[in-house]
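A.B. asks: With the sequence up front, the predicted model follows.
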Amino acid sequence: MIPSILPTYNRAPLTFEKGEGSWLETTDGRRFLDLGAGIAVNALGHAHPELVKVLTEQGSKVWHLSNLFQIPQQQKLADLIVENTFADTVFFTNSGTEACELAVKMARKYWYEKGQPDRTRILTFEGAFHGRSSAAIAAAGSEKMTKGFGPLLPGFTSYPWGTDLSDAVKDADVAAVMVETVQGEGGIRPMPDDQLKALRALCDDAGVLLILDEVQCGVGRTGRLFAHEWAGVTPDIMMIAKGIGGGFPLGAVAATEEAASGMTAGTHGSTYGGNPLGCAIGAKVMEIVSDPAFLAEVNRKAGLLRQKLEGLVASHPDVFESVRGTGLMIGLKCKAPNTDVVAAAYEEETITVGAADNVVRLLPPLIITDEEIEEAVARLDRAASRVEAKHA
Ligand SMILES: Cc1ncc(COP(=O)(O)O)c(C=O)c1O
């Protein structure tokens, strides 16, 4: 008999009742160190006092209005994003997938309004993950995500990660290139700065739009507010979600005035997107994370964690191959099955997240402390010993 929850997930037999900072407590009282942060969502950890305050204050006033009205909380968050990024304008969604939908629509509408309606194709990279909607799975293109869900939305071409798109972008039907600045689900693969710079230059030369998906790597995760800042280039359109809501479902598309120029009144909408409750929380997250002192701390802690993880990998050469990633978005490339490492970490009351390419992801809350980093590596060390014992 089918379970009452549609069985599309293989869930761990763990039930959490409450959380605080980097810690989660199960219903039977075990305390887990959370190095997954709800897959890069709980940027400020669990039950952050300032977010709880905003949630309860705004929650006792008004949660939802619809975009038929002025929403000051939405305005505040949009202004914060515009002030702190390349963007001139923002549309709010409830998820990364919806941000992907709008990014695709925006790019195509741009060319339509420019009198080039045949420029509809979007170039992507293999291993990408942009969500689970028809557009997002077509964009990713992998059989794992698309099998059985055809006919797929046409107009996407996927290239192996790192492919030089010099020739491809010149095709007359290309509207945009869409890429995660750091691939997340694909196995924590940062696009090297020089490649991102080169891609920006190619897009400029061909007059093609650059869409960056920063759903997982944005909002302070890499030690800059948005990951593309490391390369010193900016996109035309950017997808945001996950960390921006600190746990409240919230996403956004941020764009330049030019890229957004086709999106006039009536061309897009969302019932819930930009609701007062979500945006009040998002604005608080942005205020905290965009503070240079906060980001400096993320970088310092990322350096500390990285250094300790290099030691961990060196002392368990049969379990781990290498450390990769950037900031607090780290991948442990495994030699042993990554599922064994994730399971052994659970045994050590530590949450990690699997990814493609046999990688274990560490995406801790950005507020993780030095002591917790120490503790995390000690737990991962014991987990690795468990994996070694299993495979001995
Ligand atoms: C890079 C990236 N884009 C898009 C998405 C889809 O976001 P959501 O699950 O909020 O729809 C994800 C989710 O993991 C992601 O990592």
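C.D. replies: Structure received.

A.B. asks: Neighbours of Glu113, how many?
C.D. replies: Counted by other Cβ atoms under 10 Å, the residues lying close to Glu113 total 14. In this view, the C-beta of every residue, glycine as well, is placed from N, C-alpha and C.

A.B. asks: what's the answer for Pro117, then?
C.D. replies: Each residue near Pro117 was counted by other Cβ under 10 Å, and the total is 11.

A.B. asks: Tell me which residues are up against stretch 365-373.
C.D. replies: 21-22, 33-34, 37, 42-46, 48, 220-221, 243, 289, 294, 298, 301, 304-305, 308, 328, 364, 376 (Cβ atoms under 8 Å, 6 or more residues apart in numbering).

A.B. asks: so how far is the first residue of stretch 140-150 from its last?
C.D. replies: With Cα to Cα, to the nearest Å as the measure, stretch 140-150 spans 14 Å from end to end.

A.B. asks: for stretch 147-167, same thing?
C.D. replies: Span of stretch 147-167 from end to end, Cα to Cα: 29 Å.

A.B. asks: Return the distance of that stretch from the chain's centre.
C.D. replies: Its chain's average C-alpha position is 20 Å from that of stretch 147-167, according to Cα atoms, centre = their mean, to the nearest Å.

A.B. asks: what's near enough to touch Gln75?
C.D. replies: Going by Cβ under 8 Å, 6+ apart, Gln75 touches no other residue.

A.B. asks: Repeat that for Phe248.
C.D. replies: 55, 277-278, 281-282.

A.B. asks: His46 versus Thr181, what's the distance?
C.D. replies: 26 Å (Cβ to Cβ, to the nearest Å).

A.B. asks: More neighbours: these two, which one.
C.D. replies: Of the pair Thr181 and His46, Thr181 is the one with more neighbours under other Cβ under 10 Å, namely 26 against 23.

A.B. asks: mind checking how far the residue of the chain found nearest the ligand is from Leu305?
C.D. replies: Nearest residue of the chain to the ligand (Cβ to the nearest ligand atom) works out as Gly96 at 2.3 Å. For Gly96, the distance to Leu305 equals 25 Å [Cβ to Cβ].

A.B. asks: So between those two, which is more surrounded?
C.D. replies: Gly96 (28 against 24).

A.B. asks: okay but the residue of the chain closest to the ligand is in contact with His130, surely?
C.D. replies: Yes. The criterion here is Cβ atoms under 8 Å, and Gly96 meets it with His130 at 7.4 Å.

A.B. asks: Overlap in contacts, those two.
C.D. replies: Shared contacts of Gly96 and His130, defined by Cβ under 8 Å, 6+ apart, comprise 213, 215, 239.

A.B. asks: what subset of these is also close to the ligand?
C.D. replies: Near the ligand, taking Cβ under 6 Å from any ligand atom as the test, the members of the shared contacts of Gly96 and His130 found are 213, 215.

A.B. asks: wait, which of the shared contacts of Gly96 and His130 is closest to Gly150?
C.D. replies: Closest approach between the shared contacts of Gly96 and His130 and Gly150, by Cβ to Cβ: Asp213, at 23.0 Å.
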